[in-house]
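Colleague: next one to model:
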Amino acid sequence: MKENNLVYSNLRARRGSLILVFIVAVATMLSAILVGPGAAMASARPAPEQSSAPKAVTASPSESPTTSQSPAPLKSPAPSGSAGAAESPSRAESASPVKPADRGRRRSADTGECRGKLTFGKIVVCPSITDEQENVWTVTSTVDSDILLAKLTQASGDGVGGRVTDRNGEYVCYLGPYPEECQLGAAGIYTITVSLYYGTGTGSYKLSVESTRTPSECEKLPEKFFSFASAGRTGTLPAGAAGHCYKFNQPTGAVLHLAGPGGAGDVQGSILDAQYKPLCQVRYTTECTLSRPGPYRLFLRELYGNETAYTLKMPRISHAAGCPVVPLASFGDPGTNVGTGTVAQQDEVACHALTTTTAGAVVVRFAQHHDQYLWWYMYGPDGQRICEEYSSARYCALPAAGTYTLLVQHQNIMGTEINYQVAVTALNRNDGCAQATGTSWDQPALLVHQTSAVQTNCQPFQGQAGDQIITYAAPTVYNEVSTWLVDDAGVTLCTEWSERDGCVLPATGTYRVISYLRSWNDPTEDHTYKMQVRRLSDAAGCPTVTPGTYGAAPASALGGIRCRILDIPASGVYRVKAVDAQNYRSYARVYDSAGARVCDDMWCNFPAPGRYTMVLAGAATTTVIDNDFRYAVALLPYVPSGCDPVSETGYQEAPYRGEFVAAGQHDCLQLPSPAGARIVALLPGDATGAGMPEIAVLDSTGAYLCDSSWSLRQYSCELTGTAPFFAVLNADDGDATGSYAVAFARVDGAPSCPVLPRDATGVTVTTGADRFAACFSIPADQHAAREVFTYRRTSGEGDARLSVFDGGGVRYCGPTGPSVDRTVTCSLPAGPVMVILETDAVDATYQLTHRDATTPAP
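Modeller: I've put the predicted structure just below:
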């Protein structure tokens, strides 16, 4: 700013001696300047339906005035200030940005052909402006406080800029490459001085001005234009046009839908109220509330001054007109009570009029394929938005009787045409609902048919106050089902998150499950889904199960119905596991008599004796498990009892043999090892199916310690907690029945196994059906820090695996992969170690040796 003021002062100083001459020249030639050139210019006014571009005419030398007005000094624009023709702005307000060519030198007056009088709505073309030339134009404002709309468009060559000054030569505003709104002061003559921005080179430009208050022409938009049935107004903005003017009247408070004008350019403009204050911008698809009184004006302009076609659409949302009616549909197939429409490109809208005689919630349904590319809004008669698709995915609550506007907007960025159907169903009506169903668990699942892509279904049932109801729904082929619960008045229940499954009914009466399939693929198919409406509290229709015993088939034999009543004789922790006929686990949840969750399956702490409800996949409301699914339930005290004892030197004795006779059976074994000991489980290498049971180790309180998935088979299991300790066995998933053999070995402390000689012969290990493990010890002074172990099958069949443990029971090597012949090098700690060779339960012999890793192999 300091630099600008300095240049400005220099310019004024250099022109000080000429000021008197300048004033005389202005007074003498004022009439000539006001007359200006008689340039032939064409109107830029749009036709009512289709506007055509006027011809912009080049100014000619013969039409130029004989004397040009000397331009005012270049000063910076004041962003929010205004200047009058008779009252100049202050120096601080009128300092202008200085272009490189302005610095330190005076511009000469233009003696070329581009200057004269501008007329509102006309476009002038200057074919050439060179170096320091200045083209001087004048424009007359006939009203005070007008807002001048100006567009200075660079046509070719170097960039141009302009400044507007009043009759006193004081700066008013600057014209750059974008449309400008220039606040004028008093009515009178204003000067526009155009020059090359850098004061050097050559260019050409177009210039056009328009008055906001007294436009050259302004087309009136009739009432029918504001109908959704209107095709809008199409027009073309000529290259370089300052703008097209439209005027209209609408009630104060009216809400308009403003569509993007489209076209190849960037067409935009502001809606002005009666005081010419901006209300809304027309550019992108949006809404506009006419919050201040009219009449209203809209000036459309192209941001870059290009010739552009456009379509103006501003249908009124409040008290909308031109929207086809969508009647309220009943539940079930809506038949002909559907709305249809087409939206061809992104952001295009369609509308429907919906009339209801009562307040209440409605379901708005589009086919899912279309719905993913559409966005809908519901408006009240006053144009206020009531709800929209994603915040009202289930329903839209209409606050009163009346006519509402449903607006449908195209959201596909690819612009694909969408032909859609829509159905609206009132939740406070019962017409079309299915016959009422019960809530007992023993009744078969409902099969619901959907014959329309926009169908909404209704399933009534009776409930008592305090009942906890849960609904399960699942498609018969791949799809998604939406469900929720409403009362008889259509009010949606249980809308907030709760830690409880299902929904507690607030009163006794009739309730309804609202549901539908989200996707609609082939209209020729019979689209169906299953549904179960069930009561969790005081559940009815569930078979009863009492606790069973270890080592026997489950007390609950295979049977149907999704739930079981667990009759618990005493408080405490129980094992609850549901399995199908192939022993695959079915996850379950347990509830008390009030419907509150007690636990999930496997480990369940019952706070008191009583009757509890176990439900398969209790919280999975998107699954339906019908009565034809058969399963058994193992219900056992979590602390085992009546368990057979086993040895901790299973490599010396015959293994323990057991048999699973039914799916869901659990066996238990009591371990002799004390607290702090470390053990491993020994199994035949060729065992399969039920012969490879899952094993878990518990202490006397039922606390879990380890299992066969890791510690018992891959490392070692430390017996922490309180003795005695138990091993609980069950067949793996998919293995319902079969026999097994298992043994256990304590691997900590001083080994009691025979010594493995450190020579080339080693030992011979003989295996069989009852001998599939062998144990050896190596004293501390008979092994190195790195020791090589070799085993080789010398007769028979099968494979073997090797493991080495230190005196603390930590596994240092192994288990190796099964092999008939393997050599491994093992880093060992100081002290004695234990070597265990596990084999298949078949007749065979193996040679086992070890040596110092630094000693060459024999």
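Colleague: okay, domains of this protein per the record?
Modeller: Annotated domains of the chain cover 2-211, 219-312, 544-637, 644-746, 763-852 [automatic domain parsing].
Colleague: how long is the third one from one end to the other?
Modeller: Read it as domain 544-637. For domain 544-637, the separation between the terminal residues is 17 Å (CA to CA, to the nearest Å).
Colleague: same check on the last one?
Modeller: Domain 763-852 stretches 17 Å from its first residue to its last (CA to CA).
Colleague: which residue ranges form the strands in the stretch 51-200 of the chain?
Modeller: Assignment of strands within the stretch 51-200 of the chain using DSSP state E, counting those that start in this stretch yields the ranges 57-58, 116-117, 123-130, 134-141, 147-157, 160-165, 171-175, 180-183, 188-196.
Colleague: what do you get for the stretch 751-858 of the chain?
Modeller: 763-767, 773-778, 786-796, 800-806, 811-813, 821-827, 833-839, 844-852.
Colleague: buried deepest among these, which one?
Modeller: strand 833-839 (a mean of 26; mean count of other CB atoms under 10 Å). All C-beta atoms are positioned from the backbone trio N, CA, C, and that covers glycine.
Colleague: what pairs with that strand, parallel or antiparallel?
Modeller: Paired neighbours of strand 833-839 in the sheet (DSSP bridges): strand 773-778 (antiparallel), strand 800-806 (antiparallel).
Colleague: average pLDDT across that strand?
Modeller: Per-residue pLDDT over strand 833-839 has a mean of 98.
Colleague: now do it and strand 786-796, the angle between them.
Modeller: Orientation of strand 833-839 against strand 786-796 (axes from the mean of the first three to the mean of the last three CA atoms, to 10 degrees) gives an angle of 30 degrees.
Colleague: what residues does strand 833-839 touch?
Modeller: 651, 680, 682-685, 745, 747, 751, 753, 756, 765, 767, 772-778, 783, 789, 791, 798-807, 812, 815, 846, 848, 850 (CB atoms under 8 Å, 6 or more residues apart in numbering).
Colleague: try 6 Å this time
Modeller: 685, 747, 751, 756, 765, 767, 772-778, 798, 800-806 (CB atoms under 6 Å, 6 or more residues apart in numbering).
Colleague: state the distance from residue 203 to residue 301.
Modeller: 22 Å (CB to CB, to the nearest Å).
Colleague: more neighbours, the two?
Modeller: More neighbours surround residue 301 than the other of residue 203 and residue 301, with 26 against 20 (other CB atoms under 10 Å).
Colleague: tell me which helix or strand the more buried one sits in.
Modeller: Using DSSP states H and E, residue 301 falls within strand 296-302.
Colleague: export that strand to CSV, keeping only CA atoms.
Modeller: Presented in CSV, the C-alpha positions along strand 296-302 are these (Å, rounded to 0.1, in the frame of the first residue of the first chain):
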residue,chain,number,x,y,z
TYR,A,296,-36.6,-10.7,-6.7
ARG,A,297,-33.9,-10.5,-9.4
LEU,A,298,-31.4,-13.0,-10.6
PHE,A,299,-28.4,-12.2,-12.8
LEU,A,300,-26.7,-15.2,-14.4
ARG,A,301,-23.1,-14.8,-15.6
GLU,A,302,-20.4,-17.1,-16.9
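Colleague: residues contacting residue 309?
Modeller: Here residue 309 is in contact with 236, 263 (CB under 6 Å, 6+ apart).
Colleague: quick revisit: just put the strands paired with strand 833-839 in a markdown table and tack on mean pLDDT and distance to residue 670.
Modeller: What follows is the strands paired with strand 833-839, written out as a markdown table (pLDDT from 0 to 100; distance: least, CB to CB, whole Å):
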| stretch | mean pLDDT | distance to residue 670 |
| --- | --- | --- |
| strand 773-778 | 98 | 20 |
| strand 800-806 | 98 | 23 |
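Colleague: mind checking which of these is nearest residue 585?
Modeller: Residue 585 sits nearest to strand 800-806 of all the strands paired with strand 833-839, at 29.0 Å, using CB to CB.
Colleague: contacting residues around the closest one?
Modeller: 747, 791, 811-816, 818, 826, 829, 833-839, 846.
Colleague: report pLDDT for the residue nearest to residue 645 when sequence neighbours are not counted.
Modeller: Computed as CB to CB, 6 or more residues apart in numbering, the closest residue to residue 645 that is not its neighbour in sequence is residue 670, at 4.8 Å. Note for residue 670: predicted pLDDT of 99.
Colleague: any idea which helix or strand carries residue 670?
Modeller: strand 666-671.
Colleague: after that strand, next one along is what?
Modeller: Next along from strand 666-671, by DSSP H and E: strand 678-682.
Colleague: quick check: mean pLDDT across the helix or strand that that next one is followed by?
Modeller: Remark: after strand 678-682, the chain's next helix or strand is strand 694-698, criterion DSSP H and E. When pLDDT is averaged along strand 694-698, the result is 98.
Colleague: buried residues in the helix or strand that strand 694-698 is followed by?
Modeller: Per DSSP H and E, strand 694-698 leads on to strand 704-707 as the next helix or strand towards the C-terminus. Neighbour-count burial for strand 704-707 flags 705, 706, 707 (criterion: 16 or more other CB atoms under 10 Å).
Colleague: quick one: these as JSON lines, columns for pLDDT and distance to residue 271 too.
Modeller: Below are the buried residues of strand 704-707 laid out as JSON lines (pLDDT from 0 to 100; distance: CB to CB, whole Å):
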{"residue": "705", "pLDDT": "98", "distance to residue 271": "77"}
{"residue": "706", "pLDDT": "98", "distance to residue 271": "76"}
{"residue": "707", "pLDDT": "97", "distance to residue 271": "74"}
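Colleague: which among these gets closest to residue 119?
Modeller: Once CB to CB is applied, the member of the buried residues of strand 704-707 that ends up nearest residue 119 is residue 707, at 94.4 Å.
Colleague: bridged to the nearest residue to that closest one once chain neighbours are set aside, which residues?
Modeller: Excluding its sequence neighbours, the residue lying closest to residue 707 (CB to CB, 6+ apart) is residue 696, at 4.4 Å. When assigned by DSSP bridges, residue 696 has beta-bridge partners residue 707, residue 728.
Colleague: please begin residue numbering at 54 from this point
Modeller: That works, and once the first residue is 54, the last one we named lands at residue 749.
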